[in-house]
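1. I'd like to go over a predicted model; first the sequence, then the structure.
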2 protein chains.
Amino acid sequence: MFEQLGLIGCGLMGGSFALALKRAGLVKRVVGYSKSPSTTERARQMGVIDLEAPSALLAVSGADIVLLAIPVAATEATFKAIKHLLTPQTLVMDVGSTKRDVVDAARRVLREQVGSFVPAHPITGREVSGVEHADADLYMGKQVILTPIERTLTAHLQKAIEVWTALGCHVQKMAPEAHDAAFAAVSHLPHLIAFALMNGITGQAGGQEYLSLAGPGFRDFTRIAASDPHMWRDIMVANREELLAQSQIFQRSLQAMEALIASGNADALEQQIGQASQTRAHWRMTSGKSGK
Amino acid sequence: MFEQLGLIGCGLMGGSFALALKRAGLVKRVVGYSKSPSTTERARQMGVIDLEAPSALLAVSGADIVLLAIPVAATEATFKAIKHLLTPQTLVMDVGSTKRDVVDAARRVLREQVGSFVPAHPITGREVSGVEHADADLYMGKQVILTPIERTLTAHLQKAIEVWTALGCHVQKMAPEAHDAAFAAVSHLPHLIAFALMNGITGQAGGQEYLSLAGPGFRDFTRIAASDPHMWRDIMVANREELLAQSQIFQRSLQAMEALIASGNADALEQQIGQASQTRAHWRMTSGKSGK
């Protein structure tokens, strides 16, 4: 389907995309660039990429598909670095966890070429990062949200849908703003809470002992607290308005439950917990047909 | 080791204890009582108990080991119901997630017999409840916190340690107050947060759509939100002071991060996230030697 993937960012997400695309037989050659030359070298040694490019611009040279797999705050600078070698035929995508800021950067920098860019957010990841964790199965069975704008070219959008579908993903389209509100609620806020909980515990005199007593519930609840600090810093700053709004909603909900606990209103408290418990018990993660 | 287990509460925790004790060859006979006769009947049909008792008192009759596996708020009434048939030789334990309230109830009701009671909290559980989920492996490799008081008989404490150790548990002793502070931080607060997060999301106009987009991070973070409402209501009310204190510490930590996000102080935010991420990445769940 493609001759050459220009991969900018050879970490977990980018490396896994390259491996998945190769395994599906969708690309002949992968040219990779990472900010850190040692990452790019390791990616080549691992067979994740075929050629190391010394710059983002050179990674794009000759590519008919380009993937930006970088912290969202680096998107604008990266578009600036590559735009001179983008052709109208090049399909450009990203994998960022926020979409409005990425779309804004694309409009500002790509201008008349913005139609080649199909913003994408695959709902997957690991609490570990780096090309050494790259996995051809990372995207299999997962949701991918595409947030095209009015200027996105239909042909490119269609091609993007085909690529992700071929990787086993369940593709969904949304407006960038709707995407950012939803993920503030179900992803960015849970991460923020998990980080804050960890720091709240370790800031206490007995914190280390408390941690040594924690069990399986704590283990699962805080798994996302081990996520990459730089990446999450960027996501939280990029989506700050939606995130802070969701955090307010959460704190109001928490404080309502605190009031029931403080007053010993056991029946109303049980009702609140029951509602949460029912919702969670019936929730199922959406996954594609080829999901595992 | 024991002739007869008197099991009061034949749910997940109690049923699993009976199965584990039987498998270890530590008990000849299990007499069970549950508030709901259908639960007791199912427990007998499943072979979790050998005999159904029509009351808590009759479950205790003839038992040399008694386990209370009931919501913590029912502890005092249960002690009242059984105390007339307790002998100084009977080892009595519970599995409650809070310990100060349970110890207080034991002092008030059992009086001179309080020395037979060894308060226990096994750090295990499931987000599902009921005897149908009883599992002889539930306690294997898990921590059990015993919170003896000055009047606890050494012989009973020693026997309790032997029982839990024989079930594959890693046994630790703590004061009831220290236990409650620690578990407010690493268990009760995470549950409260998970419940509040679910209700905060479903209370919004787009909440159901948001939930449909959530991925693996959300799945793990909210797993404990599906826990039993009645049990968790009791825990939160019983340990309200420690829980509310921990919730305040958490909210201060959250609000400090919010301030960094709002002001776009990316470096300080990354430092905060990095600290949480490091702590979580190095954390390991304590488990017994026979842990799996």
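-> Sure thing, it's come through. Numbers count the residues shown, from 1 in each chain, chains lettered A, B, ... in the order given.

2. I'd like the next helix or strand past the host helix or strand of A:Leu110.
-> Per DSSP states H and E, A:Leu110 falls inside helix A:100-110. Following helix A:100-110 in sequence order, the next helix or strand is strand A:117-118 (DSSP H and E).

3. show the subsequent helix or strand relative to that next one.
-> Counting by DSSP H and E, the next helix or strand C-terminal to strand A:117-118 is strand A:120-122.

4. quickly run through the sheet partners of that next one, with directions.
-> Each strand paired with strand A:120-122, and its direction, by DSSP bridges: strand A:143-146 (antiparallel).

5. what does the partner strand rub up against?
-> A:99, A:118-123, A:157, A:160-161, A:164, A:169-174, A:179, A:286-288, B:213, B:215 (C-beta atoms under 8 Å, 6 or more residues apart in numbering or on different chains). In this view, the C-beta of every residue, glycine as well, is placed from N, C-alpha and C.

6. derive a PyMOL selection command for the buried subset of those residues.
-> In PyMOL, a selection of the buried entries from the contacts of strand A:143-146 looks like this (16 or more other C-beta atoms under 10 Å in any protein chain shown):
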select buried, (chain A and resi 99+118+119+120+121+122+123+157+160+161+164+169+170+171+172+174+179+286+287+288) or (chain B and resi 213+215)
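
7. can you give me the strands for chain A?
-> A:2-8, A:27-33, A:51-52, A:65-68, A:91-94, A:117-118, A:120-122, A:143-146, A:170-173 (DSSP state E).

8. I'd like to know which of those strands is closest to B:Gln4.
-> Shortest distance between B:Gln4 and these, using C-beta to C-beta, is found for strand A:143-146: 53.8 Å.

9. how close does the residue lying closest to A:Lys99 once chain neighbours are set aside get to B:Ala226?
-> Ranked by C-beta to C-beta, 6 or more residues apart in numbering or on different chains and with sequence neighbours excluded, the top spatial neighbour of A:Lys99 is A:Pro176, at 4.0 Å. Plainly put, A:Pro176 is 32 Å away from B:Ala226 if you go by C-beta to C-beta, to the nearest Å.

10. hmm, back to that, contacts only, for the residue nearest to A:Lys99.
-> Residues in contact with A:Pro176 (C-beta under 8 Å, 6+ apart) are A:Lys99, A:Arg100, A:Val102, A:Val103, A:Pro119, A:Thr147, A:Ile149.

11. need the residues you listed in TSV with distance to A:Leu192 and pLDDT, can you?
-> Formatted as TSV, the contacts of A:Pro176 follow (distance: C-beta to C-beta, whole Å; pLDDT from 0 to 100):
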residue	distance to A:Leu192	pLDDT
A:Lys99	18	97
A:Arg100	18	96
A:Val102	20	97
A:Val103	23	98
A:Pro119	23	98
A:Thr147	22	98
A:Ile149	28	96
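
12. relative to A:His133, which of those is nearest.
-> Nearest to A:His133 among these: A:Val102, at 23.4 Å, using C-beta to C-beta.

13. ok, the closest one - contacts?
-> Applying C-beta under 8 Å, 6+ apart, the residues near A:Val102 are A:Val72, A:Thr75, A:Asp94, A:Gly96, A:Pro119, A:Pro176, A:Ala238.

14. tell me which residues are up against stretch A:126-133.
-> Stretch A:126-133 is contacted by residues A:10-12, A:14-15, A:34, A:39, A:42-43, A:46, A:48, A:138, A:223-224, A:226-228, A:231, B:280-281 when judged by C-beta under 8 Å, 6+ apart.

15. that stretch: end-to-end distance?
-> 9 Å (C-alpha to C-alpha, to the nearest Å).

16. that one: which residues count as buried?
-> For stretch A:126-133, by 16+ other C-beta under 10 Å, it's A:Arg126, A:Glu127, A:Ser129, A:Val131.
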